[in-house]
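**Q** structure, please.
(one chain, ligands or ions: 1)
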Amino acid sequence: MALKIYGVPRSRAIRTLWMAHELGIPYEMIEVVPGAEGSRRAEFMAINPNGHVPFVDDDGLVLWESLAINLHLARKHGGKIAAANLAEDSLAVMWTIWAVTELEPPASQVMMHTFMLPEPDRVPGLKADALEKVQGPLLVLEGALVRGGGFLESGRFTVADLNVACCVFYLRMNPEALVDKPAVREWYAAAMARPAAKAAFALRGD
Ligand SMILES: N[C@@H](CCC(=O)N[C@@H](CS)C(=O)NCC(=O)O)C(=O)O
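**A** You can find the predicted model right below:
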């Protein structure tokens, strides 16, 4: 049975779509918009009680949390993007938890107050604060990429790179955040130029 992905490309479901395209696996997209009209309807709350998208049904295994779904899919289907051994797997988990706890919150706040919120709700002070806060994790990422020769681990693009790049995506309208981060800029551009990324992000239509 094909993987069922619930969500829409213009949500964190893009992360799962990107991974599915990297792996070349069949999937079925079930359109569920974020919020009251979709993910918070009773029928979907019964599957993901958090009220968010994405969530997946992988042959009866229901998972939510976009980046955990990606770790699962990489483990299940293998190939170059998956960890080749326990050390690589542990590093992928480490970078994924780091992305969600250290990078995503300030990057998301930058995005919200740059273009996601309706204009009257954007607060320049909160954007400036987030731009400052995101520098710490970006510096960590820059150092890791320099040490890793342009990748996070193992000298190749893996699920760790994909999961972290999904959070750097939030800074796409804020090149000022990456001004002194040449390794991050190069790595991110290469990640987004991958055929699977292009195919998945094209589904967003933006
Ligand atoms: N940590 C979760 C966050 C999921 C999330 O917040 N999704 C948003 C869309 S990008 C959503 O469904 N929002 C609608 C809502 O919470 O009502 C993940 O990565 O999957």
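**Q** what number of residues lie near residue 88?
**A** 17 (other Cβ atoms under 10 Å). The way it works is simple: take the backbone N, C-alpha and C, and place the C-beta from them, glycine included.
**Q** ok, and the closest non-adjacent residue to it?
**A** Of all residues not flanking residue 88 in the chain, residue 154 sits nearest, at 5.4 Å (Cβ to Cβ, 6 or more residues apart in numbering).
**Q** surely the one you found touches residue 85?
**A** No: assessed by Cβ atoms under 8 Å, residue 154 is found out of contact with residue 85, at 9.1 Å.
**Q** the two - which one has more neighbours?
**A** residue 154 (18 against 9).
**Q** show me the contacts for the residue nearest to residue 88.
**A** By Cβ atoms under 8 Å, 6 or more residues apart in numbering, the contact list for residue 154 reads 83, 84, 88, 91.
**Q** need the buried ones from those selected in PyMOL.
**A** Selection of buried members from the contacts of residue 154 for PyMOL, criterion 16 or more other Cβ atoms under 10 Å:
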select buried, resi 83+88+91
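**Q** the contacts of residue 154: which two are farthest apart?
**A** Pairwise distances across the contacts of residue 154 (Cβ to Cβ) peak at 10.8 Å, for the pair 84 and 91.
**Q** ok, back up a step: and the residue nearest to residue 88, backbone torsions?
**A** Backbone geometry at residue 154, expressed as degrees, to the nearest 10, gives phi 60, psi 10.
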